[in-house]
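In: Pasted the sequence and its predicted model underneath.
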Amino acid sequence: MYNSRVPILLFFAAAIGGALNAVAGGGSFLTLPALIVSGVSPVTANATSTLALWPASVSSTFAYRSDIKTTRQWLLVLGLTSVAGGLAGAFLLIKTSDSSFLRLLPWLMLVAAVTFTFSNRIRQATAHTGHAGLVVVAIAQFFIATYGGYFGGGMGIMMLATMALAGMTNIHQMNGLKSFLGVSINGVALALFIYKGAITWKYGVVMAVAATLGAYVTAAFARKIETRHVRTFVIVVGWGMTVYFFLRR
């Protein structure tokens, strides 16, 4: 039986998720669990969550367009490896059964929660290491993109760490490149999900609109928001959802 409360729950989960992504990241900590709790099968929920958050990511990338232009030397190589990895991860997700994905989900959430919680330390640690070569960075980006196409939680922080290893220091350039690569990874994954019919459209469209609105509204006063408070909220939600899915196994 159709539950009229489900779209309302998903709308607000996506709106808050889009707002979080605009400030600190971690929106999927809300959108994916909300879809699963609403009765969407795990693999389809993950694919639909990608649809929900992708449009807002595109708008964020557009905002960084001037910074992205200054990283052209990395765009081609990392862009190609990101597309290849995103496709690989999306294919893996499509081939994964719902029961297998549900068993993996707590561990994927744990990876995302740990990465987000210790993101500052990860960035500091990679900033003081030697510069990695182009081949090493490209290989690392391929595996990050594969993870991103499959699940993606914490992917942005992993990419920033890789960029630091490559010797990049300008945070605006790094964030711009990260946004572009994230949109590429999730975009190609989303295209495959749509082709394979893995999207629950009646929820996905509502959530995409809500996430975009949440990101847009937040962007208007983002400079006034204490990022550390938002990060704390995301960390609490991330670990809470991780514990929930471990207990649900």
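Out: That came through, no problem. Numbers count the residues shown, from 1 in each chain.

In: by contact count, what packs against the lowest-mean-pLDDT helix or strand in the chain?
Out: Lowest on mean pLDDT, DSSP states H and E among the helices and strands of the chain sits helix 119-127, with a mean of 74. Contacts defined by 3 or more CB pairs under 8 Å, 6 or more residues apart in numbering; DSSP states H and E place helix 119-127 against helix 155-165. For glycine as for every other residue, the C-beta is placed from the backbone atoms N, C-alpha and C.

In: just checking, what packs against the helix it packs on?
Out: By 3+ CB pairs under 8 Å, 6+ apart, helix 155-165 packs against helix 98-117, helix 119-127, helix 134-150, helix 171-195.

In: If we use 6 Å, what do you get?
Out: Where contact means 3 or more CB pairs under 6 Å, 6 or more residues apart in numbering; DSSP states H and E, helix 155-165 is packed against helix 119-127, helix 134-150, helix 171-195.

In: what's the angle between the second one and helix 98-117?
Out: Computed with axes from the mean of the first three to the mean of the last three CA atoms, to 10 degrees, the direction of helix 134-150 lies at 130 degrees from that of helix 98-117.

In: What average pLDDT does helix 134-150 get?
Out: Average pLDDT, helix 134-150: 91.

In: So which bits of the least confident helix or strand of the chain are buried?
Out: 119, 122-123, 126 (16 or more other CB atoms under 10 Å).

In: Same check on stretch 107-118?
Out: In stretch 107-118, counting by 16+ other CB under 10 Å, buried: 108-113, 115-117.

In: ok so, going back, present the buried residues of helix 119-127 as CSV; the columns should include distance to Phe142.
Out: Formatted as CSV, the buried residues of helix 119-127 follow (distance: CB to CB, whole Å):
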residue, distance to Phe142
Ser119, 21
Ile122, 19
Arg123, 21
Thr126, 18
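
In: thinking Leu10 is in contact with Val205, fair?
Out: No: under the criterion of CB atoms under 6 Å, Leu10 makes no contact with Val205, lying 10.5 Å away.
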